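**Q** no sequence on this one, just coordinates:
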């Protein structure tokens, strides 16, 4: 059902998948050192619905942020609902539709209720602080719009859950403007040609959370198919992982290789000069040639230990798959004794 939900979302301009606060906390805590005196931009978020915005607002002082910016896009399902625009000082006399896109810029967060910690109450009071501002956008709030690109130029780190259907374009923009980022994407994005090449070149990597474990996302009440209800809200479970270009310690760890190569245990592919390794943990320590491993390898990839040669899909050639030069014109599926296997990443151990 997750795939069906994702396919449906791909037909929409923006998929309304809202990340849980606890999932954000578990991942972002690993990057604390990167945030001090930095401008964080959440450019695919409804500020008062987005848990990315709430997380960075509540941890503004703890992380030592310089500024937090969040933008809301036109047509949002929640924009203006939790924070009615007509109640905001300076906007009372303007005719503002509930779904009008806007941006919030936070430069100061105070403990408004004096309880010793910045909590959701303090987040709700942010715009009463004259140091902070809410400004209506002239455009639609799309991350590709001129207004949002100008905000992106100002940002140091981008953190959000971008639309899965626009993931390639979203990452390409971040790379074009040289921005640091911590974002969520569908696990299948690992096999997109342009994303895979960035991983191959060590310009992007998976985050700390193991991507074998799916994540639950809140969805609007209008969604008919869902997996469970939590706190009165519908939720769907999707196979996702974190993507970042910041340092991730697990990608510096060496995989312990304990298996010895034997032709019987590691068959050759029919059409690749490489052996099949069905489990990452069973990569042989004494084989120096090319090896096909599951895509889960990318979550453990240490560029100092291995070289990534390419990738092959069980569907053969496609615009999203990076082939290996020595395949030639032959069938590009990873075949063993005529039987098709799963998608494989082809690697070689560095000497």
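**A** Nice, thanks for sending it over. Just so you know, these numbers come straight off a predicted model, no measurement behind them.

**Q** measure the most centrally placed residue in the chain to residue 170 for me?
**A** Among the residues of the chain, the one closest to the centroid is residue 184, at 1.8 Å (Cα atoms, centre = their mean). As for residue 184, its distance to residue 170 is 11 Å (criterion: Cβ to Cβ, to the nearest Å). All C-beta spots, glycine's among them, are computed from the backbone N, C-alpha and C.

**Q** residues near residue 300, how many?
**A** Residues lying near residue 300 (other Cβ atoms under 10 Å) number 19.

**Q** show me the shaky parts of this structure.
**A** For the chain, the stretches with pLDDT under 70 are 1-16, 48, 74-99, 314-332.

**Q** same thing but at 50, please
**A** Residue ranges of the chain with pLDDT under 50: 1-14, 77-96, 317-323, 325-329.

**Q** quickly run through the sheet partners of the helix or strand residue 135 falls within, with directions.
**A** Residue 135 is located in strand 133-136, with elements delineated by DSSP states H and E. Strand partners for strand 133-136, identified by DSSP bridges, are recorded as strand 102-106 (antiparallel).

**Q** pull out the buried residues from stretch 236-244.
**A** 236-238, 240-244 (16 or more other Cβ atoms under 10 Å).

**Q** likewise for stretch 150-170?
**A** 151-152, 155-167, 170.

**Q** residue 221: helix or strand, and which one exactly?
**A** Going by DSSP H and E, residue 221 is not part of any helix or strand.

**Q** other residues contacting stretch 233-241?
**A** Residues outside stretch 233-241 that contact it (Cβ atoms under 8 Å, 6 or more residues apart in numbering): 1-2, 5-6, 17, 184-188, 190, 206-207, 209, 211, 214-221, 223, 225-229, 299.

**Q** recalculate using a threshold of 6 Å.
**A** 2, 5, 184, 186-187, 206, 211, 214-219, 223, 226-228 (Cβ atoms under 6 Å, 6 or more residues apart in numbering).

**Q** ranges for the helices of the protein?
**A** For the chain, the helices defined by DSSP state H occupy 2-10, 21-28, 51-58, 60-63, 120-124, 146-154, 167-176, 193-200.

**Q** who wins for proximity to residue 269 among the ones you listed?
**A** helix 193-200 (19.1 Å; Cβ to Cβ).
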